[in-house]
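Participant: Prediction below, plus the sequence it came from.
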Amino acid sequence: MTTNLKKSIFKGVELNSKNNNTEHHTSVISVDELIVRRGQRFTVSLKLTQAFNPDLNPLTVVAATGTSPSEDRGTKSRFGIPDNVMRSPSAKAIWNIELHKNSFPSMGILILTITPAANTPVGQYVLSVKHQDQEMLLAKLVVLFNPWCPDDWVFLPDEKERQEYVMNEQGIIYRGSRNYISPMNWDFGQFEDSMVNICLKMLDVNNKFLKDPASDESARCNPIYISRVVSAMINCNDDRGVLQGNWGSSYAGGVSPSQWNGSYAILKQWFKTNCSPVKYGQCWVFAGVMCSVMRLLGIPCRVVTNFDSAHDNDANLTIDVYHADYGVRERESKDSIWNFHVWVEGWMKRPDLAGDGKYDGWQVLDPTPQEKSEGVFCCGPASVKAILNGETDLKYDVPFVFAEVNADCVDWLVKANGSKVIISSDTNRVGKNISTKAVDSNKRMDITDSYKYAEGSEKERDVFNYASGNRSFLRTARVNALSDMEFKPLSMRFEEVTKPINGKDVHLNLVLQSTTAKQLSINIGVQALTYNGKVADNIQGERKEETLQPGKDLSIPIRVPFSVYNKYMMECDSMRVSALVAEKPGTEYLVMNNVVLQNPPISIKVSGEMRLNREINVEVAFMNPIDEKLKDCTLTVSGSGLMEEQKHTLPDLLPNTRARVLFALVPYKIGEKTLIADISCSSFKNIKTSCTVNVRP
């Protein structure tokens, strides 16, 4: 369409979407819609009805995005051939255009090489072209961040890392506890259908956009800003965010967080229901969904799990845990220690913190709504390097994340009369086995040393004291707590007799040792525990009187029958086995162990080689491992690039019998893909397994 009625000088436009998108690593999203990365050239072919002479009649192109495009805000750029276009003197994000050598200007055939500036705000753009006195739409396109471009703040130099942290649609999220680390496959699916529209919609309904659209659109050039917006938008606490959290015992009206296998189903539901929150999420779900959005936008991202993760509610870097004197059931406390907590790390420069790149690299971003940051439920980006060195005066939310990995713990016994006695103090408990999936491998990578120096080292204590800053009350409280802890010549530990497996009785030994004889009163308790450290219920308890001989191990067997723990563990993540040991008279001791049960196995068999767009049969099999009938059995299978999610109802399963489900799938993307199977029934919830396949052309 032209601006007047005379014959158009423009004959046609070819966007070369397939070639451009391949060059820009976006062909996995689409080969029809033009999707490019900033700081990298793309080509558009323009045919004119007459010869092109730039000296007589220049060609001018305008790129614009948002509600109020502005050169000064970087949401509009004017450029042309020759490049003598009049611009605002304070124009930002200036695009570039050149005439490709394969052009034939004399025939009106122009191959335009266009490069969005490396600081271009991401989003949907309209390109219009003007020649002589006529103007037309040249292209509609989407511009994303570019980790391949050295001038982009998200530049990641290593190609294997770019493939892992931007392009990989499958990943692993670690759960369980420090002693029972369990890998769970997660389907990020960031390049599935409509993901571009979903992620851009997320930006367009965030509260900062609603308050000031022009400023928000301009700030989308900055991955620091974008990551903070996405962190807030993954939860729905302040806005029209994606997920509603639920840490209760009922998931009525929604889906149990442990039932999700990937991000796409969640994001698609949010988008199709006009941004209504999806029910329900917990930390690994929030993190998995955020990682998908970040990777789609082009910001390198990975999911990270911190075991024994502290939630320091009063920000004093000390976690106070209270226990009742009649046993080992925890009393409520504002502070808590989660079995594990999952967040994400995004890769970006941090010139807002230092000009020398000191804080560049991985940044913690946590979309789980725990504490407010500048009045909003979001967290980060917090520089991992700042966390390592205890620089808690830096934005954003470094003190909170520092406490999650490095707070000190004090356990208190609360007597019947209300008095409190310290029964243990531990500087080593929090922040264990910080884990993420390794690059180009399904192995676990321990990254604890990127967050803190070795526990017990002088450097780690120096950093802790530095992080405490001017909080003299904190240091005094810590010193007093530790000085109250007299040397207690009693060692206690739990030993596994057999590997704890869901469906079988759990067998442990409590082993005590002392250099002197002791008369002991021992309270042993077993509680059902949610992953965020909350005691859901008492499973069993017993009290014993024992005599401990000097230099000899006293081994006390503990058995927790499946018939006793099963009903409690249907909705809980682990069981806490605790022993509160009291000398006669006087001193009390506490030892705890969080036991995570290993689920019974599921098998997946693929018959033959996976080929693009060819049907193939898959069999999933599951054996009933217990001495009772399993009812209400369902199988859910999913995998981006392989199939839409399928649900199968299984017949009741008698003891020691096997269920087999056959189904067909037609892979629609090539490359390494992951098929995830999830079985739930009357005695087991969300038993998962996965199978990695390579889809060939």
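Facilitator: Now that the structure is in, tell me what you want to look at.

Participant: can you give me the strands in the stretch 201-350 of the chain?
Facilitator: Taking DSSP state E, counting those that start in this stretch to define them, one finds strands in the stretch 201-350 of the chain at 243-245, 278-281, 301-311, 318-324, 336-348.

Participant: With the stretch 451-600 of the chain instead?
Facilitator: Here the stretch 451-600 of the chain has its strands, by DSSP E, counting those that start in this stretch, at 490-496, 506-514, 518-529, 535-548, 554-560, 574-583, 588-595.

Participant: Just tell me which of these ends up closest to Gly176.
Facilitator: Nearest to Gly176 among the strands of the stretch 451-600 of the chain is strand 574-583 (7.5 Å), distances taken as Cβ to Cβ. Any C-beta I mention is one placed from the backbone N, CA and C, and that applies to glycine too.

Participant: Indicate each strand paired with the closest one and its parallel or antiparallel sense.
Facilitator: Take DSSP bridges as the rule and strand 574-583 pairs in its sheet with strand 518-529 (antiparallel), strand 588-595 (antiparallel).

Participant: With adjacent residues omitted, what lies nearest to Glu628?
Facilitator: For Glu628, the nearest residue in space outside its immediate sequence neighbours is Pro655; the separation is 6.4 Å by Cβ to Cβ, 6 or more residues apart in numbering.

Participant: give me the number of residues near that neighbour?
Facilitator: Counted with other Cβ atoms under 10 Å, the burial measure for Pro655 works out to 12 neighbours.

Participant: And Phe464, by the same measure?
Facilitator: 21.

Participant: residues touching it, list them.
Facilitator: Under the criterion of Cβ atoms under 8 Å, 6 or more residues apart in numbering, the contact partners of Phe464 comprise 317, 390, 406, 408, 427.

Participant: Residues touching stretch 603-620, excluding its own?
Facilitator: Outside of stretch 603-620, the residues that reach it under the criterion Cβ under 8 Å, 6+ apart are 602, 621-622, 635, 637, 660-670, 673, 675, 677, 679, 689-691, 693-697.

Participant: just to revisit the earlier point, reformat the contacts of Phe464 into a markdown table and put distance to Val342 and neighbour count next to each item.
Facilitator: Compiled in a markdown table, these are given as follows (distance: Cβ to Cβ, whole Å; neighbours: other Cβ atoms under 10 Å):
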| residue | distance to Val342 | neighbour count |
| --- | --- | --- |
| Leu317 | 22 | 26 |
| Gly390 | 23 | 23 |
| Asn406 | 18 | 24 |
| Asp408 | 23 | 24 |
| Thr427 | 24 | 17 |
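
Participant: With secondary structure and distance to Lys499 added, can I get these in a markdown table?
Facilitator: Converted to a markdown table, the contacts of Phe464 look like this (DSSP: H, G, I helix; E, B strand; the rest coil; distance: Cβ to Cβ, whole Å):
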| residue | secondary structure | distance to Lys499 |
| --- | --- | --- |
| Leu317 | coil | 36 |
| Gly390 | coil | 38 |
| Asn406 | helix | 31 |
| Asp408 | strand | 32 |
| Thr427 | coil | 30 |
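
Participant: Centroid-nearest residue for this protein?
Facilitator: Of all residues in the chain, the one closest to the mean position by Cα atoms, centre = their mean is Ala287, 2.5 Å from it.

Participant: With adjacent residues omitted, what lies nearest to that residue?
Facilitator: For Ala287, the nearest residue in space outside its immediate sequence neighbours is Val342; the separation is 4.3 Å by Cβ to Cβ, 6+ apart.

Participant: So for Ile35, which of the strands of the stretch 201-350 of the chain sits nearest?
Facilitator: With distances scored as Cβ to Cβ, the stretch of the strands of the stretch 201-350 of the chain nearest to Ile35 is strand 301-311 (18.2 Å).

Participant: Low-confidence regions, this structure specifically.
Facilitator: Residues of the chain that meet the criterion pLDDT under 70 lie in 1-5, 325-333, 470-488.

Participant: buried residues in whatever helix or strand Pro183 lives in?
Facilitator: Taking DSSP states H and E as the criterion, the element that holds Pro183 is strand 180-187. The neighbour-count check on strand 180-187 (16 or more other Cβ atoms under 10 Å) flags 180-187 as buried.

Participant: Just want the angle from it to strand 574-583.
Facilitator: Counting by axes from the mean of the first three to the mean of the last three Cα atoms, to 10 degrees, strand 180-187 lies at 160 degrees to strand 574-583.

Participant: List of residues touching strand 180-187?
Facilitator: With Cβ under 8 Å, 6+ apart, strand 180-187 has contacts from 169-176, 261-264, 284, 288, 303, 307, 433, 435, 442, 444, 500, 574, 594-596, 598, 638-640, 674, 676, 688, 690.

Participant: what does stretch 632-639 give?
Facilitator: 187, 259, 261-262, 265, 618, 620, 622, 643-653, 659, 661, 663, 665, 673-682.

Participant: Out of those residues, which end up buried?
Facilitator: Among these, those that count as buried by neighbour count (16+ other Cβ under 10 Å) are 187, 259, 261-262, 265, 618, 620, 622, 643, 645, 648, 650, 653, 659, 661, 665, 673-681.
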